[in-house]
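Student: With the sequence up front, the predicted model follows.
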Amino acid sequence: MPDHSDAPLVIIGAGGTGGHMFPAAAFADEMRSRGWRIGLVSDSRGLNYAAKFPADWKEEVQAASPNLKKPWTLPSTAWKLSRGAARAEALINTHGPKLVAGFGGYPAFPLMSAAKRKRVPILIHEQNAVLGRVNRQFAGNAAIVASGFQRLDRAPPGIRHEAVGNPVRGPILAQHSAPFPDGQGDLRVFITGGSQGARILGEAVPEAITSHVPDALKARLVIVQQVRAEQVDAVQAVYDSANIRCTLKSFFDDMPAQLAAAHLIIARSGAGTVSEIAAVGRPSILIPLAIAMDDHQAANAAALVDAGAADMLREDEASAAKIAELITNRLSDLEQLRTRAAAALAVGRPKAAASLADLAERLVEA
């Protein structure tokens with residue numbers, strides 16, 4: 001039976017990683033505040049990130065990512081995507097959404113496929129500066145493709161595109177006006193990265209700080225670093241050998257406060273990370289993940305680099321000596337740090353969720 005509630009419904013398709021789910025959740029929060037009902041469709045991977053997702057209902061569908069290097073898996077992948085799309089189409093028939101919103105990742109594929117078949121208006125949001133594979137496939141069927149960055153590589157010709165920014169979590173936005181920390185005493189470096197950042201962030205950065213940063217600057221450093229659980233003891237030993245104060249964790253549940261307290265951030269350049277750095281307004285050294293699809297992390301980093309807010313080091317040039325040189329140059333010039341912080345803040349789009357919700361409502365009203 002169709003859902004006859006008077007409140008309009010948007011069904012969101014997203015998943016695979018927090019990079020897709022977190023902006024989708026921020027968008028859902030904004031739409032709920034405007035009186036919309038929210039449905040969420042994802043696979044088991046995506047729903048792992050959805051415990052607090054602000055949805056009226058959540059539905060798991062089957063999905064999988066094609067692996068061309070393992071062609072024998074493609075029939076199984078196609079079967080799962082087909083089953084997922086059939087389930088998503090049944091959900092559309094039952095609930096009658098006004099709009100479907102896709103945030104990328106193969107868990108969004110079934111919903112996008114079903115919406116195309118059922119002729120439900122599609123809003124796509126691409127977090128990265130390169131249009132992802134699933135969003136690329138359905139971009140021509142979307143009423144509009146919104147993006148997290150002004151730059152959007154690999155977008156098909158003729159699509160309607162609007163850059164709105166990446167919706168970020170409320171606690172991050174709460175730090176938008178946090179003043180740049182005083183730099184007369186300790187200098188705080190926050191190092192954060194996902195599991196794929198293990199070698200560069202867990203090995204090269206500690207070596208850079210302990211072996212190549214001048215002693216006078218080293219004595220002022222306070223390091224806060226996210227490391228993989230199995231690396232904590234080894235990284236602690238490296239910092240201890242140079243008497244450097246540090247806090248190491250595999251996960252920080254106070255990320256907004258850590259970003260705001262930092263004089264300098266060293267990180268990968270996933271879309272969420274770049275957008276959160278900009279939202280808080282802090283200078284950074286970004287090391288894009290070399291194996292990222294379509295080199296999208298380098299494209300993301302360019303938004304801050306071009307604004308004069310960040311330095312980018314490719315993995316093949318991110319030696320301990322080069323990292324240390326950048327850390328030393330940046331932390332030795334407080335005025336330059338403040339200038340870079342302001343430049344980062346200027347790139348931020350704190351109203352991204354509202355802008356995306358405005359687009360969604362205009363599509364429905366059109």
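Tutor: All right, it came through fine. Small disclaimer: the values here were computed from a predicted structure and weren't measured. Numbers count the residues shown, from 1 in each chain.
Student: mind checking pLDDT for the nearest residue to His176 once chain neighbours are set aside?
Tutor: Distances taken as C-beta to C-beta, 6 or more residues apart in numbering place Pro350 nearest to His176, at 5.2 Å, with adjacent residues excluded. Yep, even glycine has a C-beta here, placed from its N, CA and C like the rest. Looking at Pro350, its pLDDT is 95.
Student: Could you do Phe27 as well?
Tutor: On the pLDDT scale, Phe27 gets 97.
Student: got the contact list for Val10?
Tutor: 31, 36-39, 97-101, 360 (C-beta atoms under 8 Å, 6 or more residues apart in numbering).
Student: Take those residues and keep only those in strands.
Tutor: The strands, defined by DSSP state E, take in 37-39, 99-101 from those.
Student: Which of those residues has the largest number of neighbours?
Tutor: Ala101 (31 neighbours; other C-beta atoms under 10 Å).
Student: show me the contacts for that one.
Tutor: Counting by C-beta under 8 Å, 6+ apart, Ala101 has contacts 10-13, 24, 27, 122-125, 360.
Student: which of those residues lies closest to Gln231?
Tutor: Distance to Gln231, by C-beta to C-beta, is smallest for Ala24 among the contacts of Ala101, at 30.4 Å.
Student: give me the number of residues near the closest one?
Tutor: 33.
Student: again with Ala219
Tutor: The number of residues near Ala219, taken as other C-beta under 10 Å, comes to 14.
Student: ok, the nearest residue to Leu331 once chain neighbours are set aside - contacts?
Tutor: Among residues not flanking Leu331 along the chain, Leu187 sits closest, at 5.2 Å (C-beta to C-beta, 6+ apart). By C-beta under 8 Å, 6+ apart, Leu187 lies in contact with 217, 220-222, 263-264, 331.
Student: how about 7 Å then?
Tutor: Going by C-beta atoms under 7 Å, 6 or more residues apart in numbering, Leu187 touches 220-221, 263, 331.
Student: For it, give me phi and psi.
Tutor: When read as degrees, to the nearest 10, the backbone of Leu187 gives phi -120, psi 120.
Student: As CSV, could you dump the C-alpha coordinates of the helix or strand where Ala298 lies?
Tutor: Assigned by DSSP states H and E, Ala298 belongs to helix 296-306. C-alpha atoms of helix 296-306 as CSV (Å, rounded to 0.1, in the frame of the first residue of the first chain):
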residue,chain,number,x,y,z
HIS,A,296,40.4,12.3,-7.0
GLN,A,297,42.2,13.1,-3.7
ALA,A,298,44.7,15.3,-5.6
ALA,A,299,41.8,17.1,-7.3
ASN,A,300,40.2,17.7,-3.9
ALA,A,301,43.4,19.0,-2.4
ALA,A,302,43.7,21.5,-5.2
ALA,A,303,40.7,23.5,-3.8
LEU,A,304,42.8,24.4,-0.7
VAL,A,305,46.2,24.6,-2.5
ASP,A,306,44.9,27.0,-5.1
